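Undergrad: Predicted model follows, preceded by the sequence.
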Amino acid sequence: MPGTLFVVATPIGNLEDITVRALRVLREVAVIAAEDTRRTSHLLARHAIATPTTSLHEHNEAAKSASLVVRLQRGDDIAVVSDAGTPTVSDPGGRLIRAAIDAGIRVEPVPGPSAVLTALAASGLPTEAFAFFGFPPTRSTDRQKWFERLRTVGGTVVFFEAPHRISSTLRELQRVVGDCEVAVGRELTKVHEELVRGPISRVLSVVDGKSGEFTVVAEIGQTPILDAAQPDLPHEFGEMTIIRGVTKRKAINILARRHGLTPNSVYRALEGAKKSGK
């Protein structure tokens with residue numbers, strides 16, 4: 001009879017944040033496939049678990065999954081864990097799970113800690129619906145597309161960011177969607193945990209230069225669709241720039257604040273009007 005692949009969530013910081021069920025599974029399986037066996041060993045030692053581990057990370061998952069599936073087919077139970085939180089959520093594990101499913105192996109989730117839900121629950125922002133975006137890309141073109149998709153989806157969004165990029169990412173987010181409300185969690189559940197809430201402009205001064213792992217929750221307003229019932233932006237823009245001598249950039253920002261829009265949506269409306277000859 002084939003074994004079971006257990007997808008086990010582990011603490012994101014505080015080692016006490018693990019369920020009784022997760023501990024039992026980690027004790028009973030034949031092997032634990034871990035993103036980093038050294039980090040997982042600390043958790044296992046804390047709870048006196050002697051189950052052997054094997055590495056399963058982004059660089060070897062494709063090759064390693066086949067041999068693990070063979071073990072599952074032979075009857076071994078296997079647990080897959082990441083360094084912290086729930087496997088596959090910006091962490092390895094997805095390829096192994098897919099391979100196990102394709103082989104007809106039972107995949108059983110063992111829920112627990114998640115940085116996404118931890119930050120969301122304490123953010124004070126709407127939680128009825130939200131979108132998770134992982135880490136922002138580092139390449140310029142991909143990054144621009146990522147921010148545009150985030151702006152288009154709107155509502156409550158959650159994403160991760162590295163300490164050396166958190167400030168630049170928040171500034172770029174502010175430029176794309178405006179000075180929206182955010183909750184930025186740093187080192188969640190750890191000794192130096194910090195959760196800063198407020199508009200991006202205020203939060204930036206607090207997180208700038210800080211180290212640690214960051215989870216960002218943001219409430220992004222949907223970009224309104226401009227129609228005939230809305231203000232005559234081209235007329236107001238022309239009045240400010242031609243008659244009053246205001247710079248184009250400043251005029252766009254004034255119009256955005258005046259009508260509750262983002263600077264980007266005002267710019268797009270003006271460009272659309274220009275192309276249509278209005």
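TA: Alright, I've got the coordinates.
Undergrad: okay, which residue is most central for this structure?
TA: By CA atoms, centre = their mean, the mean C-alpha position of the chain lies nearest to residue 159, the distance being 2.3 Å.
Undergrad: Do me a favour and get the backbone dihedrals for that one.
TA: Here is the backbone geometry of residue 159 (degrees, to the nearest 10): phi -150, psi 160.
Undergrad: In the protein, what residue spans correspond to strands?
TA: Secondary structure of the chain (DSSP state E): strands at 4-8, 31-34, 53-55, 78-81, 106-110, 130-132, 155-161, 181-186, 194-199, 214-220.
Undergrad: so how far is residue 147 from the residue of the chain most remote from its centre?
TA: Computed with CA atoms, centre = their mean, the residue of the chain farthest from its C-alpha average is residue 243, at 45.3 Å. Remark: distance between residue 243 and residue 147 (CB to CB, to the nearest Å) = 34 Å. For the C-beta atoms, the positions are set from N, CA and C on the backbone; glycine is no exception.
Undergrad: what's the answer for residue 51, then?
TA: 42 Å.
Undergrad: So for the two, which sits in the more crowded spot?
TA: Set residue 51 next to residue 147 and count neighbours by other CB atoms under 10 Å: residue 147 wins out with 20 against 15.
Undergrad: coming back round to it: would you turn the strands of the chain into TSV with distance to residue 43 and mean pLDDT?
TA: Listed next are those as TSV, based on distance: least, CB to CB, whole Å; pLDDT from 0 to 100:
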stretch	distance to residue 43	mean pLDDT
strand 4-8	10	98
strand 31-34	9	98
strand 53-55	10	97
strand 78-81	8	98
strand 106-110	14	98
strand 130-132	24	96
strand 155-161	21	96
strand 181-186	21	96
strand 194-199	23	95
strand 214-220	20	96
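Undergrad: now these as JSON lines including distance to residue 61?
TA: Listed next are those as JSON lines, based on distance: least, CB to CB, whole Å:
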{"stretch": "strand 4-8", "distance to residue 61": "13"}
{"stretch": "strand 31-34", "distance to residue 61": "9"}
{"stretch": "strand 53-55", "distance to residue 61": "9"}
{"stretch": "strand 78-81", "distance to residue 61": "10"}
{"stretch": "strand 106-110", "distance to residue 61": "15"}
{"stretch": "strand 130-132", "distance to residue 61": "21"}
{"stretch": "strand 155-161", "distance to residue 61": "19"}
{"stretch": "strand 181-186", "distance to residue 61": "28"}
{"stretch": "strand 194-199", "distance to residue 61": "32"}
{"stretch": "strand 214-220", "distance to residue 61": "24"}
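Undergrad: Highest mean neighbour count out of the ones you listed?
TA: Highest mean neighbour count among the strands of the chain (mean count of other CB atoms under 10 Å): strand 78-81, with a mean of 27.
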